[in-house]
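A.B. asks: Okay, predicted coordinates and the sequence, questions at the end:
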Protein chains: 2
Amino acid sequence: MIDAINRKIIAALQQNARISYAELGKRVHLSAPAVAERIRKLESAGIITGYRVKVDLDKLGYPILAMVQCKVYRTKEREFKALLLSYDEVVECINVTGEQAFLVKLAVESLSQLDAILEAFIDLSDTNTMMILSTPVDRALPETFFK
Amino acid sequence: MIDAINRKIIAALQQNARISYAELGKRVHLSAPAVAERIRKLESAGIITGYRVKVDLDKLGYPILAMVQCKVYRTKEREFKALLLSYDEVVECINVTGEQAFLVKLAVESLSQLDAILEAFIDLSDTNTMMILSTPVDRALPETFFK
DNA sequence: CCACAATGATCGATGCTATCAACCGCAAGA
DNA sequence: TCTTGCGGTTGATAGCATCGATCATTGTGG
């Protein structure tokens, strides 16, 4: 299923997910229907899970990105998860090993907005806030996949 | 530029970036060329920065995701950045405030592969490795943007 | 060894889609 | 008021997606 051609297809879609099947076909030396069928199978196998637009958060009015490490108090875990979901500014949240820890990425308009959110978190967890300065690498897949 | 219609367009592209202009037009009550023109402008303004396919890393042979917090030794910063870029398994890297710190997300095939990478990092930084158990939230944009 | 699915490709027809040009209406400014 | 520019519509056209028919290849059972 994951042969060299599908790797190339995924690589091309990684670079531009709105590319046409015809164009993809040219790149992998296959007809458009053949590519469409391969992609349909990748989707229904759950390998391709969607297509997303990438946007500039800064230009959309969210100049501040923060990563908050939350060590949730043992008894407050359920409550914490509910709180997380209630905040629209939570852009990403990953659950990691070690002391009920979550890494929460927040996109906010201002530091005061960040502060307000952290206030709410601090009742349920020990927080450690890091401001995100830059994102030197942002891939969806390891490069080895394409080799 | 960022009016209610463009918010809807971005929201729709967020859900499925391969949707047609005609379909987008139906949703925002505009003709296909009008939508195409709006998107063209969003792209050239750098607000829309691309379209990406989303994939299941597990199904592609990378069952292990780790987040490594690296406190880079003051004199080794340049060297560390070079090392990062040399590793294909680095899927994301964010530079955060506090003691030359980086958060590095790694996608690997096995724990031994992870170990090998950490070996290399440890010469240049204090590392704190967290295994990623789940990703309860993974949005590209705060929900407030759509309200 | 030969039939015979099953798979995965191509090709051709058809309806949709993107794209371009021409045109229109409205709002801001001279 | 005139005019200029912006953002929209419409219609034509070329290209694309999609479907069915067909064909080659491969692996399997008689």
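C.D. replies: In hand now; what should we look at?
A.B. asks: residues from chain A in reach of DNA strand C?
C.D. replies: Within chain A, the positions near DNA strand C by CB under 7 Å from any atom of the strand are A:5, A:25, A:29-31, A:33-34, A:37-38. Yep, even glycine has a C-beta here, placed from its N, CA and C like the rest.
A.B. asks: Most widely separated two among those residues?
C.D. replies: A:His29 and A:Glu37 (15.2 Å; CB to CB).
A.B. asks: higher neighbour count, those two?
C.D. replies: A:Glu37 (13 against 9; other CB atoms under 10 Å in any protein chain shown).
A.B. asks: how far away is that one from B:Arg52?
C.D. replies: Distance of A:Glu37 to B:Arg52, given as CB to CB, to the nearest Å: 22 Å.
A.B. asks: what number of residues lie near A:Ile9?
C.D. replies: Number of residues near A:Ile9 (other CB under 10 Å) recorded here: 24.
A.B. asks: thinking again about what came up before, just the residues of chain A next to DNA strand C: which are in helices?
C.D. replies: A:5, A:25, A:33-34, A:37-38 (DSSP state H).
A.B. asks: Of those residues, keep whichever come out buried.
C.D. replies: Buried members of those, scored by 16 or more other CB atoms under 10 Å in any protein chain shown, are A:5, A:25, A:38.
A.B. asks: filter those residues by proximity to chain B?
C.D. replies: The subset of these within reach of chain B, by CB under 8 Å from any CB of the partner chain, is empty.
A.B. asks: Between these, which sits nearest DNA strand D?
C.D. replies: Set against DNA strand D, the nearest of these by CB to the nearest atom of the strand is A:Gly25 (7.3 Å).
A.B. asks: For that closest one, list the residues it contacts.
C.D. replies: A:31-32, A:34-35 (CB atoms under 8 Å, 6 or more residues apart in numbering or on different chains).
A.B. asks: if we can go back for a sec, got JSON lines for the buried ones among the ones in helices among the residues of chain A next to DNA strand C, with pLDDT too?
C.D. replies: Output for those, formatted as JSON lines (pLDDT from 0 to 100):
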{"residue": "A:Ile5", "pLDDT": "96"}
{"residue": "A:Gly25", "pLDDT": "97"}
{"residue": "A:Arg38", "pLDDT": "97"}
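A.B. asks: pLDDT below threshold where in chain A?
C.D. replies: Judged against pLDDT under 70, chain A has no low-scoring part.
A.B. asks: domain ranges for it?
C.D. replies: Domains of chain A are assigned by automatic domain parsing as A:4-44, A:64-131.
A.B. asks: Dump those domains to a markdown table, plus distance to B:Val72.
C.D. replies: Output for those, formatted as a markdown table (distance: least, CB to CB, whole Å):
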| stretch | distance to B:Val72 |
| --- | --- |
| domain A:4-44 | 29 |
| domain A:64-131 | 14 |
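A.B. asks: In a markdown table: those domains, plus distance to DNA strand D.
C.D. replies: Shown next, in a markdown table, are the domains of chain A (distance: least, CB to the nearest atom of the strand, whole Å):
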| stretch | distance to DNA strand D |
| --- | --- |
| domain A:4-44 | 3 |
| domain A:64-131 | 24 |
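A.B. asks: Can you tell me the element the spatially most central residue of chain A falls in?
C.D. replies: For chain A, A:Glu92 is the residue whose C-alpha lies nearest the centre (CA atoms, centre = their mean; 6.6 Å). Element membership for A:Glu92 (DSSP states H and E) is strand A:90-96.
A.B. asks: ok, that strand near chain B or not?
C.D. replies: Yes. Judged by CB under 8 Å from any CB, strand A:90-96 comes into contact with chain B at A:90-96.
A.B. asks: That concludes my questions; thank you for your assistance.
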